[in-house]
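[1] After the sequence you'll find the predicted model.
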Amino acid sequence: MEKPFAELDALYRDVVLDHYRSPRGREPLPAPDVQRRGFNPVCGDEVLVALAMDGDVVREVQVKSRGCAISVASGSMLADLLPGRTRGEAERLIEAFRALLRGEEPAGDLDLGDLDALRGVARFPVRIKCAMLPWMTLRESLRARERGGEDAQDAAATTEEARG
Ligand code: ZN
């Protein structure tokens with residue numbers, strides 16, 4: 001068993017531990033508009049991000065994670081933060097979190113919520129991929145949705161191929 005929180009300051013450990021033990025947004029969505037899977041080969045983390053959209057706004061999110069504490073907690077925080085945001089706001093959140101993980105202060109007055117508790121990960125470059133995995137998968141989902149149509153569902157794309 002890894003020591004999942006050795007990287008994190010004690011101050012933030014409880015926040016991360018809470019997300020890791022009770023990840024938010026695990027409930028499958030009845031009818032997602034788009035979903036994508038992500039994989040971090042360095043650590044073995046896997047994630048599914050599914051979105052239900054109202055136009056440009058993310059209405060509901062499912063994040064299903066399997067992996068280390070940091071990737072699971074980061075995905076849970078994503079599920080907390082994302083509902084109600086537009087695609088543009090989601091992209092700004094991704095960039096702000098990425099900046100935080102580079103050890104920078106995120107630009108603007110964006111509230112990163114519990115993500116702030118992962119700032120200690122910046123000191124452990126190998127863990128940055130773990131923390132970013134759900135967010136990169138979210139970005140893939142948003143872009144797939146933007147492209148629209150059959151590309152929005154990976155399952156649907158497989159069905160198309162099978163039909164030839
Ligand atoms: Zn990991």
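    Yes, it's here. Numbers count the residues shown, from 1 in each chain.

[2] wait, residue 97 sits on residue 112?
    Yes. At 6.4 Å, residue 97 counts as touching residue 112 under the criterion of CB atoms under 8 Å. Using the backbone N, CA and C atoms, a C-beta is placed for each residue, glycine as well.

[3] Overlap of the contact sets of those two?
    Taking CB atoms under 8 Å, 6 or more residues apart in numbering as the contact criterion, the common neighbours of residue 97 and residue 112 are residue 106.

[4] Which one's more surrounded, these two?
    When neighbours are counted by other CB atoms under 10 Å, residue 97 and residue 112 differ, and residue 97 comes out ahead with 25 against 17.

[5] Around residue 11, count how many other residues there are.
    The criterion is other CB under 10 Å. On that basis, residue 11 has 9 neighbouring residues.

[6] can I assume it sits in a helix?
    Yes. Assignment of residue 11 by DSSP: H, G, I helix; E, B strand; the rest coil places it within a helix.

[7] separation between it and residue 120?
    According to CB to CB, to the nearest Å, residue 11 and residue 120 sit 9 Å apart.

[8] what about residue 62, which helix or strand?
    strand 57-66 (DSSP states H and E).

[9] what sits up against that strand?
    Among residues not part of strand 57-66, those counted as contacts by CB under 8 Å, 6+ apart are 23-29, 32, 35, 45-53, 71-72, 75-76, 78-79, 82-87, 90, 134.

[10] how about 7 Å then?
    By CB atoms under 7 Å, 6 or more residues apart in numbering, the surrounding residues in contact with strand 57-66 are 23, 25-29, 32, 46-53, 71-72, 75-76, 78-79, 82-86, 90, 134.

[11] now do stretch 29-42
    Residues external to stretch 29-42 that are found in contact with it (CB under 7 Å, 6+ apart): 46-53, 60, 62, 71, 126, 129-130, 133-134, 136-137, 140-141, 144-145, 152-154.

[12] Repeat the analysis, applying 6 Å as the threshold.
    When contacts are defined by CB atoms under 6 Å, 6 or more residues apart in numbering, stretch 29-42 is touched by residues 46-53, 60, 62, 129, 133, 137, 140-141, 144-145, 152.

[13] buried ones in that stretch?
    Applying a neighbour-count criterion of 16 or more other CB atoms under 10 Å, one finds 32, 33, 34, 35, 36, 38, 40 buried in stretch 29-42.

[14] quick check, distance from that stretch to the centre of its chain.
    Mean C-alpha position of stretch 29-42 versus that of the full chain (CA atoms, centre = their mean, to the nearest Å) differs by 9 Å.

[15] Extract the CA atoms of it and return them as CSV.
    Listed next in CSV are the C-alpha coordinates belonging to stretch 29-42 (Å, rounded to 0.1, in the frame of the first residue of the first chain):
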residue,chain,number,x,y,z
LEU,A,29,-25.5,9.6,-15.6
PRO,A,30,-28.7,8.2,-17.2
ALA,A,31,-27.9,9.8,-20.5
PRO,A,32,-24.5,11.4,-20.8
ASP,A,33,-23.9,13.7,-23.9
VAL,A,34,-20.3,12.8,-24.0
GLN,A,35,-17.8,10.6,-22.2
ARG,A,36,-14.1,9.9,-22.4
ARG,A,37,-11.7,7.6,-20.6
GLY,A,38,-8.2,8.6,-19.5
PHE,A,39,-5.2,6.6,-18.5
ASN,A,40,-2.0,7.5,-16.8
PRO,A,41,0.5,4.8,-17.7
VAL,A,42,3.2,6.2,-15.3
